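Colleague: can't give you the sequence, but here's the structure:
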């Protein structure tokens, strides 16, 4: 027997809790990565995305631009790289949360809703966290961008689930 918060909990109780929580470990690790990246200062975050953008600027047709045009392209690419990273991170997080929910929730629609709801909550917490990071600010727009990444995954998953489930004669 173990003592937890003043109550006795059997080994079976701990095992049952562990069996429900361990599928969420990959999603938790991925969210820790997201959280760590959002804890970067504004200048550090800009440097990270800047390296990607400068690599993209080496594309031959962009090198033919004037300095003024390159500056405008740099600003636009930086925006899309940063927001694409938001979408990609939450695309992956949604996949991991959906896999974790697979053992706990039998309905595919409820699984998807649970994954999307958790993503929305975590995206909001991440943006709130950024309000405390020097040079960063939390933006509601970024929560919507994060949720767009989540929605992209769920749309792809739902389409595949519908077509492959139908072919197998499974649930629709």
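Modeller: Looks like it came in fine. All values reported here derive from a predicted model rather than from experimental measurement.

Colleague: buried sites along the helix ranked longest in the chain?
Modeller: In the chain, taking DSSP state H as the definition, the longest helix is helix 67-101. When neighbours are counted by 16 or more other CB atoms under 10 Å, the buried residues of helix 67-101 are found to be 73-74, 77-78, 81-83, 85-87, 89-98, 100-101. C-beta coordinates here come from the backbone N, C-alpha and C atoms, glycine included.

Colleague: mind giving me the packing neighbours of the first helix or strand past it going along the chain?
Modeller: Once the chain leaves helix 67-101, the next helix or strand it forms, by DSSP states H and E, is helix 108-130. For helix 108-130, the packing partners by 3 or more CB pairs under 8 Å, 6 or more residues apart in numbering; DSSP states H and E come out as helix 25-38, helix 67-101, helix 140-167.

Colleague: quick one: contacts of helix 108-130?
Modeller: Residues outside helix 108-130 that contact it (CB atoms under 8 Å, 6 or more residues apart in numbering): 31, 34-35, 38-39, 90, 93-94, 97-98, 101-102, 105, 136-140, 142-143, 146-147, 150-151, 154, 157-158, 161, 171.

Colleague: so for that helix, mean pLDDT?
Modeller: Helix 108-130 carries an average pLDDT of 95.

Colleague: how far is it from where the chain is centred?
Modeller: How far helix 108-130 lies from its chain's middle: 9 Å, per CA atoms, centre = their mean, to the nearest Å.

Colleague: hmm, back to that, pLDDT of the longest helix of the chain, averaged?
Modeller: The pLDDT scores in helix 67-101 average 88.

Colleague: run the angle between that helix and helix 140-167 for me.
Modeller: 50 degrees (axes from the mean of the first three to the mean of the last three CA atoms, to 10 degrees).

Colleague: now do helix 67-101: distance to the chain's middle.
Modeller: Worked out by CA atoms, centre = their mean, helix 67-101 lies 10 Å from the chain centre.

Colleague: cool, and stretch 142-149?
Modeller: Taking mean C-alpha positions (CA atoms, centre = their mean), stretch 142-149 and its chain are 9 Å apart.

Colleague: now do it, average pLDDT.
Modeller: The pLDDT scores in stretch 142-149 average 96.

Colleague: can you pull the buried residues of that stretch?
Modeller: 142, 143, 145, 146, 147, 149.

Colleague: how about TSV for these, with distance to residue 121 added?
Modeller: Below are the buried residues of stretch 142-149 laid out as TSV (distance: CB to CB, whole Å):
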residue	distance to residue 121
142	14
143	10
145	16
146	11
147	11
149	15
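
Colleague: quick check, nearest of those to residue 14?
Modeller: Closest approach to residue 14 among the buried residues of stretch 142-149 (CB to CB): residue 146, at 33.8 Å.

Colleague: that'll do, ta.
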